[in-house]
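1. From the sequence below, what's the structure:
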Amino acid sequence: MSKVGDYGQQFLDEIGYDLGYSTNEMPHIRDIDIVWANRVHVWEYKGMTEFEYYGVDKNEGKTI
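-> You can find the predicted model right below:
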């Protein structure tokens with residue numbers, strides 16, 4: 001794997017998965033350090049609320 005790929009996987013393993021990121025949903029490489037340092041959730045990175053991003057009210061279990 002490349003150095004960039006290794007860095008992305010390290011991000012996912014150490015904090016990314018916990019913040020909602022996946023191999024298909026990664027911050028831009030230039031933003032990873034900021035996301036990592038500030039623990040920015042995937043929905044915040046996308047400029048949405050958690051409800052808007054997931055489209056499901058976790059308390060109600062209903063889709064929007």
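2. who's in contact with the helix or strand containing Glu44?
-> Remark: Glu44 resides in helix 42-45, with elements defined by DSSP states H and E. The contact list for helix 42-45, computed with C-beta atoms under 8 Å, 6 or more residues apart in numbering, reads 19-21, 25, 27, 31, 35, 49-50, 52-54. From N, CA and C alone the C-beta is placed, and that goes for glycine too.
3. what separates that helix from the chain centre, distance-wise?
-> In terms of C-alpha atoms, centre = their mean, to the nearest Å, the centre of helix 42-45 is found 6 Å from the chain centre.
4. Alpha carbons of that helix, as PDB, please.
-> These are the backbone C-alpha positions of helix 42-45, laid out as PDB (Å, rounded to 0.1, in the frame of the first residue of the first chain):
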ATOM      1  CA  VAL A  42     -18.400  12.700   9.200                       C
ATOM      2  CA  TRP A  43     -21.700  14.600   9.200                       C
ATOM      3  CA  GLU A  44     -20.100  17.800  10.400                       C
ATOM      4  CA  TYR A  45     -17.400  17.500   7.800                       C
END
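5. can you give me the strands in the protein?
-> Taking DSSP state E, the strands of the chain run over residues 56-57, 62-63.
6. where in the protein is pLDDT low?
-> Filtered on pLDDT under 70, the chain yields the residue ranges 1, 56-64.
7. how close does Leu12 get to Gly55?
-> Between Leu12 and Gly55 the distance, using C-beta to C-beta, to the nearest Å, works out to 23 Å.
8. again, but for His41
-> To Gly55, His41 is 15 Å away according to C-beta to C-beta.
9. Just want to know which of these two has more residues nearby.
-> Neighbours per residue (other C-beta atoms under 10 Å) separate His41 from Gly55, with His41 holding more: 15 against 10.
10. That'll do, ta.
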